[in-house]
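Chemist: heads up, no residue letters with this:
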């Protein structure tokens, strides 16, 4: 379990994922993606995701997810679905393997788009958005949690959310380590559908926010509220 308390980064990621949903259905033209904070990948296109947690460390991986969430919801959600849950008109990208085979398929489609019987089904994003944005979006996609497993824990996560909200007002009696431990246990029980080793679930985010302060309990409660609402 990754436990670095990156409160601002995780809260920003949750809020960006939520607020950009509003734009996902209305914006048709590709929207530029700010990749500040990510290692540059160079001009030659790679065939494997360079932003996976074991390769770049947790902080850069979380930054890639944050940027990828914004880029995906502005440019991809209209067809591939909010939170990468496809409505059936386009492939459900959550199932795209988080390995070289899946990366090669993804980056080819991202760069060149897809045309069927003379009709453009997906525009080419490569030159418009660039490689750094491409792999950030890929990182966001492959770390989506299994929705069924999330639902299994939803009631407990709501209860923990309410408990955390109470501690945001009065932290007396709060056991930060116990709360972190339980959220971490839930996070570890939630898989990705891509095979990526860590799911960016709300349980994972909330666990990483808690540091024993009222502000951290508030941030964790808000993260759970946003995530559980988005799941429905």
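Modeler: Looks like it came in fine. Keep in mind it's a predicted model, so treat the numbers as computed, not measured.
Chemist: When you work out contacts or count neighbours from here on, use the C-alpha atoms and nothing else.
Modeler: Fine.
Chemist: Domains in the chain, by residue range?
Modeler: Domain assignment for the chain by automatic domain parsing gives 7-142, 147-230.
Chemist: With mean neighbour count and mean pLDDT added, can I get these in a markdown table?
Modeler: Listed next are the domains of the chain as a markdown table, based on neighbours: other Cα atoms under 10 Å; pLDDT from 0 to 100:
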| stretch | mean neighbour count | mean pLDDT |
| --- | --- | --- |
| domain 7-142 | 18 | 87 |
| domain 147-230 | 19 | 96 |
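Chemist: Check the spacing between residue 126 and residue 172 real quick.
Modeler: Distance, residue 126 to residue 172, by Cα to Cα, to the nearest Å: 52 Å.
Chemist: Surely residue 120 is within a strand?
Modeler: Yes: per DSSP: H, G, I helix; E, B strand; the rest coil, residue 120 lies within a strand segment.
Chemist: contacting residues around it?
Modeler: Applying Cα atoms under 8 Å, 6 or more residues apart in numbering, we find residue 120 in contact with 113, 114.
Chemist: Who does it form a beta bridge with?
Modeler: Counting by DSSP bridges, residue 120 is bridged to residue 115.
Chemist: How much space separates it from residue 140?
Modeler: Separation of residue 120 from residue 140 (Cα to Cα): 24 Å.
Chemist: cool, and residue 132?
Modeler: From residue 132 to residue 140 the distance is 13 Å (Cα to Cα).
Chemist: Appreciated, that's everything.
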